[in-house]
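Chemist: all I have is the shape, not the residue letters:
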């Protein structure tokens, strides 16, 4: 019932997708590194806290991260294809 972790998936969807999309708006390399690093740290912290609290197995969290990453990557690919046109 807990597979995949909704908290891990939602944190990856929201924070990583926002960071990746904002890097398209802000072309400065330093801003992109900061945004993606902060999003990765926040996403990792949320996932690790789910395991530490004992509410999820590590496989649940990793599956949530993979789902969230694939969802975010899909939207980044979609927006970059529209920006090129």
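Modeler: That came through fine. Because the structure is a prediction, the values reported are computed rather than measured. Residues are numbered from 1 along each chain as shown.

Chemist: chain neighbours aside, what residue packs nearest to the residue positioned nearest the centre of the chain?
Modeler: Geometric centre of the chain, nearest residue: residue 12, 2.5 Å, by CA atoms, centre = their mean. Once its chain neighbours are removed from consideration, residue 12 has its nearest residue in residue 68; the separation is 2.4 Å (CB to CB, 6 or more residues apart in numbering). For every residue, glycine as well, the C-beta is placed using N, CA and C.

Chemist: ok, that neighbour - contacts?
Modeler: When contacts are counted by CB atoms under 8 Å, 6 or more residues apart in numbering, residue 68 touches 8, 9, 10, 11, 12, 13, 16, 17, 43.

Chemist: shaky segments in the protein?
Modeler: Of all residues in the chain, those with pLDDT under 70 make up the ranges 1, 84-85.

Chemist: quick one, helices of it?
Modeler: With DSSP state H applied, the chain shows helices at 6-11, 17-25, 29-52, 58-84, listed in chain order.

Chemist: highest mean neighbour count out of the ones you listed?
Modeler: Most buried of these by mean neighbour count (mean count of other CB atoms under 10 Å) is helix 6-11; its value is a mean of 20.

Chemist: return the closest of the contacts of residue 68 with respect to residue 57.
Modeler: Sorting these by how near they are to residue 57, with CB to CB, puts residue 8 at the top with 11.2 Å.
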